[in-house]
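**Q** everything below, folded, please.
(chains A and B)
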Amino acid sequence: MDTLIEARSLSLRFSAPTEKKGSLKKWVLDAVRGRVRSRHFLAVDDVSFRIERGEAVGLVGRNGAGKSTLLKLVTGIVVPTSGSIAVRGQVAPLLALGNGLDPTLSGRENIYLNGAILGYEKAFLKAREADIVDFSELGDFIDAPVRTYSSGMTMRLAFSIASAATPEILILDEVLAVGDAPFQAKCRARIREIISDGATVFFVSHSLPDIVQLCTRAIWLAKGRVVMDGPAAEVADAYHHDAVPGPDDRESLNLPLPVHRFRAPAHGDECLTIDEGERNSILAIMKEWEPAGIAYRAFARPVPGTAPLHRFYAHGRRSHFYTLDPHELDAFRTPGFDWDYEGISHYVYPKKIEHAVPVFRIRDTKTGKFSFKADVGRPAGEIAWWALPAAAGDGGEERPPRTEA
Amino acid sequence: MPPVNQTATSPDVPNPYRKPGFRHDGFLVAELVKRDFKARYDRSVLGMFWCVLQPTLMMGLLYAVFSLFFKSAIPNFPLYLISGIVFYQFFVETTTTAMQSIQENASLIAKVKVPLWTYPITRAISSLINFLFALIPLFCVVLLTRVPLRPTMLLLAYSTVCMLFFSLGIGLFLSSLAVFFHDVTFLWGFACMLCMYATPVFYPEEVLMTGHHWMVYFNPLYHMIHFSRLVLNGEIPLLTEFAACALFAAVSFVLGLIVFRALKNKFALAL
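**A** Next comes the predicted model:
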């Protein structure tokens, strides 16, 4: 096959000084005393892999696992301490959207400046200028200085410039969270397009659904080492179970018809209150809700007007669900507890059911009422909830939940 | 929602990416220089006119101080003064801006693979353009003081190129050092001041010639400014004077380049 990226026992050692900022005097003094103290650690530790043409490889791992550093090694921003990395083909780094934009210049001028920084030819930018402006949806603002843009507009411009060409190798570092929801959808579509045009993609994201949907293969890094390298869904699954320990509840998605069903609420609207008696129930947020930025907040309200006790974010689309475990319910009972969830407990991949849904299951509610509130964003779909059979598991029917949304 | 149609790599669209190698990065450098100027004169009423105004004001001030309060014996003092100032400013601007170029682009360097030399080179080119603008008031003084225009003045190009490479060499050296020790930035401001007093910019060269020969001979700025003044006065410099300028420029540039090349791979991690 046609290998585009090949890493052989790639390592990168950071020498982080024990004290923060370097000063010449201190360095000279320390050097004279024979101790330039620094802490060495391997940000990337003996990593080997090959990426063939046309592969879309996701990179997962916790913060500080070395994902971004690995991407920097691939783009050549950073030179490895040992080992080697061979990259064949034009690399387009979408590592830092907006970093090459100059606030004093107009959007149009920035197309050329940023385009030049990203390695484009002048002739190409001239030919593509109108398309870039169109894609950014900036309209007449394109001739206004970028400092007058909102951050969303800036990112839209940056993404439009960065994605104007189809490179051989596309490096994406958490760039999908750009702009508002419709623009994000457009970004994903554009990236799919680049992938289907035959680009090889190397993609870092904390959003496992994105990894599973965009990538064919995934590499899981922990402390700079490769933990697992294989099909995206399997790696994401393994990584997820490692990162968030909990029972595997995916099978419970073979659900019977919902008991209640209602429109998803607008921002701030309360949508559901589960009564004390309704134990062992599942709340599912159905398909077709807006991709990111939706948070549902669960309130335990023994006393009206108290602070939210629990909050979780269902971010990503269609592809994960949430299960509340008994120990988490304890948290509900702690007054004043306010808990942010960034990663959601379980991810379900579209392979199994048509519309994977985020699920909120309440197994054992001995306390008062729980209600769910749309905190941010505007879900477009429908919310339904099911009563789960007492046998703590499946309904038996091999049927995905249906919606009319 | 507008259509997603940015691809369509139709045959009439030129190849999007530049070839690797510094020969193909002219576009990038040009864009960065343009940015430098636009950003610098952003929101100023006079804009690019400041390129001319700045050296004129500076000369006017120094001229006022030195000709009115201390009677200067130098023949054609205005020209002597402005040639010194213009070249000295060129040196200070090139070294200082090149020195800061890596630090100031830190966020970019850590994220996008761009040939690192483009940053200091861009600053040097911007300074060169500023310098060329500053030649306008210089030649105004030439005309006003009725100095005849002579072909030797074309040799200003020689001292300019020498000064450019000399300053760029120092800029490269300082920029690599400043990544690791920010102190360099502060020290250099002081060093520039020192250079100004150690070089006959506004006082007669004879002051140093009496007993301080070494200060003159080992002062690259002196050689380049002296060379420029000679050619402005219609004299052809001695071969040794040609050689001195070239030697300082070459040594500085090569050393700067060596240091920069040796350290550049560490920039992204140190920034």
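
**Q** any idea how many residues pack against residue 123?
**A** Since you didn't name a chain, this refers to chain A. For A:A123, the neighbour count with other C-beta atoms under 10 Å in any protein chain shown is 13. All C-beta spots, glycine's among them, are computed from the backbone N, C-alpha and C.

**Q** meant chain B actually
**A** By other C-beta under 10 Å, the residues close to B:R123 number 28.

**Q** just the terminal-to-terminal distance for stretch B:38-50.
**A** 12 Å (C-alpha to C-alpha, to the nearest Å).

**Q** only the buried residues of that stretch, if you could.
**A** Within stretch B:38-50, the residues that count as buried by 16 or more other C-beta atoms under 10 Å in any protein chain shown are B:38, B:40-41, B:50.

**Q** I'd guessed A:G66 sits against A:W220; true?
**A** No: the pair A:G66 and A:W220 does not pass the contact test of C-beta atoms under 8 Å, sitting 11.2 Å apart.

**Q** low-confidence ranges in chain B?
**A** For chain B, residues meeting the criterion pLDDT under 70 lie at B:1-14, B:70-72, B:212.

**Q** find the residue at the geometric middle of it.
**A** For chain B, the residue nearest the mean C-alpha position is B:T94 (3.2 Å; C-alpha atoms, centre = their mean).

**Q** please, which helix or strand holds that one?
**A** Element membership for B:T94, per DSSP states H and E: helix B:77-104.

**Q** A:I77 now?
**A** Here A:I77, judged by DSSP H and E, is contained in no helix and no strand.

**Q** okay, it: pLDDT?
**A** pLDDT recorded at A:I77 is 87.

**Q** that one: neighbour count?
**A** Applying other C-beta under 10 Å, we find 22 residues neighbouring A:I77.

**Q** next one: the one 3 residues further on
**A** A:P80 has 19 neighbouring residues, counting by other C-beta under 10 Å.

**Q** before we move on, what about A:P231?
**A** A count of nearby residues for A:P231, using other C-beta under 10 Å, gives 13.

**Q** and the one 3 residues further on, by the same measure?
**A** Counted by other C-beta under 10 Å, the residues lying close to A:E234 total 15.

**Q** tell me the SS of it?
**A** What DSSP: H, G, I helix; E, B strand; the rest coil gives for A:E234 is helix.

**Q** how about it, what does it touch?
**A** The contact partners of A:E234, taken as C-beta atoms under 8 Å, 6 or more residues apart in numbering or on different chains, are A:218, A:228.

**Q** check what pLDDT A:D140 gets.
**A** Taking A:D140 on its own, its pLDDT is 91.

**Q** and it, helix, strand or coil?
**A** A:D140 - assigned by three-state DSSP - is helix.

**Q** that one and A:G107, how far apart?
**A** Distance, A:D140 to A:G107, using C-beta to C-beta, to the nearest Å: 10 Å.

**Q** which of these two has more neighbours?
**A** Taking neighbours as other C-beta under 10 Å, A:D140 and A:G107 compare with A:G107 leading, 28 against 8.

**Q** output the contacting helices and strands for the helix holding B:T94.
**A** The contact analysis (3 or more C-beta pairs under 8 Å, 6 or more residues apart in numbering or on different chains; DSSP states H and E) places helix B:77-104 against helix B:50-63, helix B:118-144, helix B:156-180, helix B:183-198, helix B:220-232.

**Q** who wins for proximity to chain A among those helices?
**A** helix B:183-198 (4.0 Å; C-beta to the nearest C-beta).

**Q** list the residues that contact the nearest residue to the residue nearest to the centre of chain B once chain neighbours are set aside.
**A** For B:T94, ignoring the flanking residues on the chain, the nearest one in space by C-beta to C-beta, 6 or more residues apart in numbering or on different chains is B:S167 at 3.6 Å. Neighbouring residues of B:S167 by C-beta under 8 Å, 6+ apart: B:90-91, B:94-95, B:98, B:124, B:127, B:252.

**Q** now for the residue of the stretch 151-300 of chain A found nearest chain B, how many residues are close by?
**A** Proximity of the stretch 151-300 of chain A to chain B (C-beta to the nearest C-beta) peaks at A:A165, 3.5 Å away. Here the number of neighbours of A:A165 (other C-beta under 10 Å) works out to 26.

**Q** what do you get for B:Q103?
**A** There are 17 residues near B:Q103, going by other C-beta under 10 Å.
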